[in-house]
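A.B. asks: next input, structure requested:
(one chain, ligands or ions: 1)
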Amino acid sequence: MTDVAIPPTRSGAFGLAVEAIAARTKVRPIAAIILGSGLGALADDVKEPTRIPYAEIPGWKRSTAPGHAGELVVGSLSGKPVAVMRGRLHYYEGYDMADVAYPVRVLAAWGIDTLIVTNACGGLNPAYSAGDIMVISDHINLMAANPLRGVNDDALGPRFPDMVGVYTEELRALAHEVDGGLREGIYVAVAGPNFETPAELRMLRGLGADAVGMSTVPEILVARHMGMRILALSTVTDMATGIPGQIQHVTHEEVLEVAGRTGKRLASLVKGVVARL
Ligand code: HPA
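C.D. replies: Numbers count the residues shown, from 1 in each chain. Okay, the predicted model is just below:
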């Protein structure tokens with residue numbers, strides 16, 4: 001007989017985390033916002049912020065990036081109560097997928113039903129340019145891992161979640177209403193941490209993806225599992241086409257630089273969307 005360990009009900013652990021957060025603020029957010037690489041500036045726009053270091057929330061892991069321990073900023077943005085995650089966990093840091101996605105489970109358990117995720121990505125669609133912002137319409141998960149693996153907690157969501165219409169149409173329409181110059185396309189998630197080879201980039205484009213990145217999908221999977229409304233926005237920080245003659249080297253510094261430069265536009269976009277929620 002195989003001996004399968006049944007983990008203690010996970011909803012219990014989330015309960016402790018929710019209690020720890022709720023004890024620090026009277027704000028009850030309607031939306032959670034995850035800020036990606038180089039996009040942290042938006043957290044400074046949160047009014048009357050309560051800053052909760054990740055280390056003070058039970059079960060919530062810290063980012064391994066030096067100086068980026070991360071904090072949850074709860075307050076008001078565009079006049080609406082929000083919770084902003086400054087700093088996210090990545091699978092390539094060595095965390096389990098369940099750890100990467102844990103914050104979203106906590107925020108959903110706290111009662112937040114709308115998730116806005118941002119990230120930096122490489123552009124695969126040759127019509128794109130560095131600095132473009134893409135609304136994610138669908139994704140391809142090539143991380144070869146899934147936070148929903150394991151015993152399902154039926155209290156959180158179904159064993160086999162439907163993945164049609166994950167990226168809420170109404171929220172995508174709102175984003176386009178706020179900023180008329182957005183791209184919309186398919187995001188493929190890879191595990192990283194290396195950037196892709198030119199052959200891999202050509203393959204990813206061939207699979208139908210418009211952009212490639214190393215985050216977002218774990219959080220989206222648990223958000224979908226728990227029935228959240230989802231908007232995901234990708235800043236194209238570099239063109240990663242793998243097309244001979246156009247092949248460019250990519251560095252993390254370049255990714256951060258372009259993400260930072262696009263940060264103002266992305267911040268206005270997120271604030272505009274939040275104002276209309
Ligand atoms: N590939 C994968 N992830 C990324 C890239 C890229 O080119 N740019 C920013 N994140």
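
A.B. asks: for stretch 225-236, list the C-alpha coordinates in CSV.
C.D. replies: What follows is stretch 225-236, C-alpha atoms only, in CSV (Å, rounded to 0.1, in the frame of the first residue of the first chain):
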residue,chain,number,x,y,z
HIS,A,225,-9.2,27.9,-8.2
MET,A,226,-10.7,30.2,-5.6
GLY,A,227,-13.0,31.9,-8.1
MET,A,228,-11.3,35.4,-8.3
ARG,A,229,-11.8,37.9,-11.0
ILE,A,230,-8.4,38.3,-12.7
LEU,A,231,-6.6,41.0,-14.7
ALA,A,232,-2.9,40.5,-15.7
LEU,A,233,-0.7,43.1,-17.2
SER,A,234,2.8,42.4,-18.7
THR,A,235,5.4,45.0,-19.5
VAL,A,236,7.4,44.0,-22.5
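
A.B. asks: so which residue of the chain comes closest to the ligand?
C.D. replies: Residue nearest to the ligand within the chain: G122 (2.2 Å; Cβ to the nearest ligand atom). C-betas here are computed from N, CA, C, even on glycine.

A.B. asks: quick one, phi psi at that residue?
C.D. replies: phi -100, psi 140 (degrees, to the nearest 10).

A.B. asks: give me every residue in this protein lying close to the ligand.
C.D. replies: Residues of the chain found near the ligand (Cβ under 6 Å from any ligand atom) are 120-122, 195-196, 212-214, 237-238, 240, 250, 255.

A.B. asks: which one (most neighbours) among the residues you listed?
C.D. replies: C121 (32 neighbours; other Cβ atoms under 10 Å).

A.B. asks: name whatever forms a beta bridge with it.
C.D. replies: V236 (DSSP bridges).

A.B. asks: give me the below-cutoff pLDDT ranges for this structure.
C.D. replies: Per-residue confidence for the chain (pLDDT under 70) gives these ranges: 1-13, 38, 64-69.

A.B. asks: longest helix of it, counting residues only.
C.D. replies: Counting residues, the longest helix found in the chain (DSSP state H) is helix 252-275.

A.B. asks: list the contacts of that one.
C.D. replies: The contact list for helix 252-275, computed with Cβ atoms under 8 Å, 6 or more residues apart in numbering, reads 31, 33, 36-39, 41-42, 45, 77-80, 82, 116, 118, 120, 130-131, 133, 171, 174-175, 177-179, 182, 231, 233, 235-238.

A.B. asks: take the residues you listed and keep only those in strands.
C.D. replies: Within the contacts of helix 252-275, residues falling in strands by DSSP state E are 31, 33, 77, 80, 82, 116, 118, 120, 133, 231, 233, 235-238.

A.B. asks: mind picking the two most distant members of these?
C.D. replies: K80 and D238 (32.6 Å; Cβ to Cβ).

A.B. asks: can you pull out the helices in this structure?
C.D. replies: So, for the chain - with DSSP H - the helices run 10-22, 97-109, 169-178, 198-206, 217-225, 252-275.
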